[in-house]
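In: Structural data only, the sequence is not supplied:
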């Protein structure tokens, strides 16, 4: 994948640190092994993936990074200030960002779990500024999700995505992959939580695993998303026979 800028001083977010003195001693956050071992993470590539089992802390950290950067906890641009349910963790107050010299032209925090609320806000804010209504709720979940992506992905931006594959078919995931690579080549930075073996296949992306007790870099073929998918495709009948034999 050519034409990527690996000069970390140009990244909107060069690194994040966690000040654990701002987290209560009995906080559940201290019981998440991957998070408890993090004091600093450095981002070395324009596209970074967080992977790991459910509950491993990856989305919690992404949310904290987003809030520290100034994004609304439920998603949207830095101008969004709506709130339907305050689920912010203490980590949002403990994370500190080390920013690069380049100021991004645009940014967006996109979460699969609160996308309905973001789509509503998109339409409302569009009306306020006299823009053309997008009617996201009249589209399928996947269509509206991609519409928001394509309307907001721009060169030289910062984009934080939490499980963006949740609304998308495999074909649409490939469309999203193209949009991500295109923007990254134009100077944008992405930090993405995902379980998608399709998105994780982006060449030269950095992959951080939140499994096995601490955050650590891994290769694409080492991810559970790749290994489980490969195993199932190659051994489907045998695996299903074993899984369903006692039902």
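Out: Received, thanks. The shown structure was predicted, so the numbers you read here are calculated from the model rather than taken from an experiment. Residues are numbered from 1 along each chain as shown.
In: Now for residue 176, how many residues are close by?
Out: 24 (other C-beta atoms under 10 Å). (Each C-beta comes from the backbone N, C-alpha and C, glycine too.)
In: and what of residue 39?
Out: Neighbours of residue 39 (other C-beta under 10 Å): 9.
In: Could I get the contacting residues of it?
Out: 17, 18, 20 (C-beta atoms under 8 Å, 6 or more residues apart in numbering).
In: Of the residues you listed, which is the most crowded?
Out: That'd be residue 18 among the contacts of residue 39, by other C-beta under 10 Å, with 21 neighbours.
In: Might one say that that one is in contact with residue 37?
Out: No - if you go by C-beta atoms under 8 Å, residue 18 and residue 37 don't touch, sitting 9.9 Å apart.
In: May I have the predicted confidence score for the residue lying closest to residue 221 once chain neighbours are set aside?
Out: Closest residue to residue 221 apart from its sequence neighbours, by C-beta to C-beta, 6 or more residues apart in numbering: residue 227 at 7.4 Å. Per-residue confidence at residue 227 stands at 97 (pLDDT).
In: Tell me the helix or strand right after the least confident helix or strand in the chain by mean pLDDT.
Out: Within the chain, confidence by mean pLDDT, DSSP states H and E is lowest for helix 115-128 among all helices and strands, at a mean of 55. Per DSSP states H and E, the first helix or strand lying C-terminal to helix 115-128 is helix 141-152.
In: Give me the helices and strands touching that next one, please.
Out: strand 106-111, helix 115-128, helix 170-185 (3 or more C-beta pairs under 8 Å, 6 or more residues apart in numbering; DSSP states H and E).
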